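Undergrad: Below: sequence and its predicted model.
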Amino acid sequence: MAAYNHVTLIGNLTRDPELTYTPTQVAVCKFGLAVNKKYKAKNGEDREDTLFVDCTAFDRKGELIHQYVKKGNSLLVVGSLKMDSWDDKTTGQKRQKLYVIVGEMQFLGGKGNGEAASPASSKVRPVAKSQPVPDEDAVEFRSEDIPF
């Protein structure tokens, strides 16, 4: 069975990125992204829904996000979904959290007031591209798996 796990989001950071390091000195940057969807309701009223997505970036991408992007800045994120599961220590219930592992990203500028996320330019510019973080459960794709 073929599988495909790919996410592309453009949104604004909901909080300043948090940067930590693993014991082997791998940078881990966690941040929240608010993604808006505008649409017209059946009664003709303009509506807007907001989806809040947690994201994690590793290595140099994480360091760049922490250095140049703050709460309210826009960011384009391309990556894959990851599910964590654990047992809640207080209730004993099984808990799960879905989040995005950042594979590629672009700084998109400031909060709309002319403030740039990157000190060099307010234009959209690629910052870091790399292979997605390897996942032992990942499925390899062959050309015969693609349905078209």
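TA: Thanks, I have the structure now.
Undergrad: ok, the residue located most distally from the centre of the chain - contacts?
TA: Distance from the centre of the chain peaks at Asn43, with 33.5 Å (Cα atoms, centre = their mean). Under the criterion of Cβ atoms under 8 Å, 6 or more residues apart in numbering, Asn43 has no neighbours. Using the backbone N, CA and C atoms, a C-beta is placed for each residue, glycine as well.
Undergrad: Which pLDDT value goes with it?
TA: With respect to pLDDT, Asn43 scores 90.
Undergrad: so the spatially most central residue of the chain is in which element?
TA: Centrality entry for the chain: nearest residue to the mean C-alpha point is Cys55, 4.0 Å, by Cα atoms, centre = their mean. Under the criterion of DSSP states H and E, Cys55 resides in strand 46-58.
Undergrad: Show me what whichever helix or strand comes after that strand packs onto, helices and strands only.
TA: Sequence order places helix 59-68 as the next helix or strand after strand 46-58, per DSSP H and E. If you count contacts as 3 or more Cβ pairs under 8 Å, 6 or more residues apart in numbering; DSSP states H and E, helix 59-68 packs onto strand 18-21, strand 27-40, strand 94-107, strand 125-129.
Undergrad: and the second one, which residues are buried?
TA: What it means is strand 27-40. By 16 or more other Cβ atoms under 10 Å, the buried positions in strand 27-40 come out as 27-33.
Undergrad: roughly how far out does that strand sit from the chain middle?
TA: Relative to its parent chain, strand 27-40 has a centroid offset of 7 Å by Cα atoms, centre = their mean, to the nearest Å.
Undergrad: Convert the C-alpha atoms of it to CSV, please.
TA: What follows is strand 27-40, C-alpha atoms only, in CSV (Å, rounded to 0.1, in the frame of the first residue of the first chain):
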residue,chain,number,x,y,z
ALA,A,27,19.3,21.8,18.0
VAL,A,28,15.6,21.3,18.5
CYS,A,29,13.4,24.3,17.9
LYS,A,30,9.7,24.1,18.8
PHE,A,31,7.1,26.7,17.7
GLY,A,32,3.4,27.2,17.0
LEU,A,33,1.9,28.2,13.7
ALA,A,34,-1.5,29.8,13.2
VAL,A,35,-2.9,29.0,9.8
ASN,A,36,-6.0,31.0,8.7
LYS,A,37,-8.7,30.0,6.2
LYS,A,38,-11.1,32.6,4.9
TYR,A,39,-14.4,31.6,3.3
LYS,A,40,-18.0,32.7,2.7
